[in-house]
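A.B. asks: here's my sequence, what's the structure:
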Amino acid sequence: MGTISPPDARVTRLARALPLLLAALLALAAVGTVGSAGCDDPARYVSTPDGISLEGGCLKPSQIDPLVGDPSEHDAWSRRG
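C.D. replies: Numbers count the residues shown, from 1 in each chain. Below is the predicted model:
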């Protein structure tokens, strides 16, 4: 029967350290992404005579509103008459 030689100590240390190194690199990438994803003008809700509206922010309400067309078509209160 053949004998199995013990693994090289350097390879074992590298195999143990590689997941930790990869996790550290991913954590740095996540911190960098979150740090650069800021918005200079945060949005806020303001009460107006027509209701509550979203003012400011990096996105316009039309960019996040999935409703297309006249908003009164999708408003239950306007259909009640």
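A.B. asks: just checking, which helix or strand of the protein averages the lowest pLDDT?
C.D. replies: Ranking every helix and strand in the chain by mean pLDDT, DSSP states H and E puts helix 61-64 at the bottom, with a mean of 62.
A.B. asks: and the strands in the protein?
C.D. replies: Along the chain, the segments classed as strands by DSSP state E run 44-48, 51-55.
A.B. asks: against residue 54, how distant is residue 46?
C.D. replies: 8 Å (CB to CB, to the nearest Å). Every C-beta, even on glycine, is put in place using the N, C-alpha and C of the backbone.
A.B. asks: and the two? which has more neighbours close in?
C.D. replies: Neighbour count, other CB atoms under 10 Å: between residue 46 and residue 54, residue 54 has more, with 14 against 10.
A.B. asks: next, the contact list for the more buried one, please.
C.D. replies: 43-46, 61 (CB atoms under 8 Å, 6 or more residues apart in numbering).
A.B. asks: picking up where we left off before, in TSV: the strands of the chain, plus mean pLDDT.
C.D. replies: As requested, the strands of the chain are exported to TSV (pLDDT from 0 to 100):
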stretch	mean pLDDT
strand 44-48	87
strand 51-55	83
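A.B. asks: so where is this structure shaky, pLDDT-wise?
C.D. replies: Where the chain drops to pLDDT under 70, the residues are 1-7, 59-81.
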